[in-house]
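> For reference, the sequence and a predicted model appear below.
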Amino acid sequence: MKLLQLAVTIFVFLVFIPEPLYAVESPSPINDLDEIADQSLQMTKAGRYEEAKQLLHYFSDEFQSLNGHQSFSMDELRILTISHNLAVESINQASADMDQKVNAVTKFRLVMDALSSKHQPLWVEMEDPIMEAFKGLKSAAENRDAGQYHTTLNLFLSKYNIIQPSIKLDIPVEQVQSLDARISYLDHYRQDVLEGAETMNELTSLETDLEELFENNQEDEADPSLWWVIISTGSIIVSTLSYVGWRKYKGQAEAKRSERQKN
């Protein structure tokens, strides 16, 4: 009985103690860069463009010092460099409005997160605004409303453009190319698409591709470290209960043997 109580105590202790006690992560330079990118986005959203610009320049300095110690592919370096340059350019552009600046820095932020995250990337959180914009586009096409169609298509393109560099880092290249081809077709031949008989088929296919894009990159609700705790503590409890059961069985067998000997 004491062993059973001990097993339950161990289980409760491991599950309910604060996570850092059993899953401590050492600080990483790439995580520091991710934090700088996040701070630059927060400053941009707050309209504090000078601070955002300083953080973007600080990111560049820190990244150059890290580059010799962190392995990035040529594609990763290219995507990160382009998104960073566009963010700096947008912040420095006096004619750009706040939405343009926020979108540019958000694009950079999502790229950095895609490079540093081990689980669900931040770009997945753009699902709702992107799918909402797409539904507006599809509704305009169904109603053959040319003005609304062009407006909603532009909105959808602007939303997708924010995550497009990031998904290149997480999604197989064939899938990205197929998705980009469908979207480019809608953009370049928007008037023909709206008037053509295959419009709804094209939009339905694109909708399916978008749903698969987000569904395939959803993270399990349970933290992986929590699953490890559950599995390991479960093994402890099973082993302990098995031992308790074996001791009980052995004790009963010994008692029966002693009783037979007395008789």
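That came in fine, so what should we check first?

> drop to CA atoms for contacts and neighbour counts, all remaining ones
Will do.

> where does this structure have low pLDDT?
1-27, 67-70, 197, 218-263 (pLDDT under 70).

> how about the helices of it, start to end?
For the chain, the helices identified by DSSP state H occupy 2-16, 29-45, 49-66, 74-92, 98-116, 127-142, 146-170, 173-188, 190-195, 199-215, 224-262, in order along the chain.

> Could I get these in TSV, plus columns for mean neighbour count?
What follows is these, written out as TSV (neighbours: other CA atoms under 10 Å):
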stretch	mean neighbour count
helix 2-16	13
helix 29-45	20
helix 49-66	17
helix 74-92	18
helix 98-116	23
helix 127-142	18
helix 146-170	19
helix 173-188	14
helix 190-195	16
helix 199-215	15
helix 224-262	13
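
> How about the contacts made by Arg166?
Heads up, residue 166 is Ser, not Arg. Taking CA atoms under 8 Å, 6 or more residues apart in numbering as the contact definition, Ser166 lies against 107, 110-111, 114, 123.

> Val111 versus Met126, what's the distance?
Distance, Met126 to Val111, by CA to CA, to the nearest Å: 13 Å.

> what residue is smack in the middle of the protein?
Geometric centre of the chain, nearest residue: Pro121, 1.7 Å, by CA atoms, centre = their mean.

> gap between that residue and Leu41?
Using CA to CA, we find Pro121 at a distance of 16 Å from Leu41.

> before we move on, what about Phe156?
21 Å.

> And for Ala141?
Counting by CA to CA, the gap from Ala141 to Leu41 is 35 Å.

> ok, now Glu212?
Counting by CA to CA - Glu212 and Leu41 are separated by 28 Å.
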